[in-house]
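> Here is the input, now give the coordinates:
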Amino acid sequence: EMPLDGALIARFPPCVRLICEAGTGFNNIDCEAARAKGIAVCNIPTYSTEAMAHMAITFVMAQSCSLVPQARALATGGRAH
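Predicted coordinates:
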């Protein structure tokens with residue numbers, strides 16, 4: 001989350017017409033400064049929902065099959081698993 005304050009937005013060139021937050025909320029963007037400069041602000045609230053669901057399932061599967069200990073054992077030459 002990169003903060004976009006009014007001072008930074010004021011330095012944007014005229015070709016900047018949109019600030020799009022890849023996530024929920026606008027708490028890191030000075031929307032008043034953007035509006036004053038004619039820049040639209042939007043967000044994509046479900047940007048990473050599917051990716052996070054995939055990551056959660058991957059972690060559950062890794063834990064259920066002891067993937068991490070097996071990877072460590074293989075990295076150090078162990079073949080007991």
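> Contacts only, for Leu67.
Leu67 is in contact with Met61, counting by CB atoms under 8 Å, 6 or more residues apart in numbering. In short, each C-beta sits where N, CA and C put it, glycine included.
> Over to it: give its phi and psi.
For Leu67, the backbone dihedrals are phi -60, psi -40 (criterion: degrees, to the nearest 10).
> next one: the one 10 residues further on
Phi and psi for Gly77, reported as degrees, to the nearest 10, are phi 90, psi 0.
> count of neighbours near it?
Counted by other CB atoms under 10 Å, the residues lying close to Gly77 total 6.
> And for stretch 37-54, what's in contact with it?
9-10, 12, 16-26, 29, 31, 34-35.
> quick one: buried residues of it?
If you call a residue buried by 16 or more other CB atoms under 10 Å, then stretch 37-54 has these buried ones: 37, 39, 41.
> Can you dump the C-alpha atoms of it in CSV for me?
In CSV, the C-alpha atoms belonging to stretch 37-54 read as follows (Å, rounded to 0.1, in the frame of the first residue of the first chain):
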residue,chain,number,x,y,z
LYS,A,37,-6.5,17.8,-10.3
GLY,A,38,-9.2,16.0,-12.3
ILE,A,39,-8.0,12.5,-11.6
ALA,A,40,-10.5,9.8,-11.1
VAL,A,41,-9.9,7.3,-8.2
CYS,A,42,-11.2,3.7,-8.2
ASN,A,43,-10.4,0.4,-6.6
ILE,A,44,-10.7,-3.3,-7.3
PRO,A,45,-11.9,-4.8,-4.1
THR,A,46,-11.7,-8.4,-5.1
TYR,A,47,-8.3,-8.1,-6.8
SER,A,48,-6.6,-10.8,-4.8
THR,A,49,-9.5,-12.8,-3.4
GLU,A,50,-8.9,-15.8,-5.6
ALA,A,51,-5.1,-15.7,-5.3
MET,A,52,-5.4,-15.6,-1.5
ALA,A,53,-7.9,-18.5,-1.5
HIS,A,54,-5.4,-20.5,-3.6
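> mind listing the helices for the protein?
Listed in chain order, the helices of the chain (DSSP state H) span 6-10, 31-36, 49-64, 67-75.
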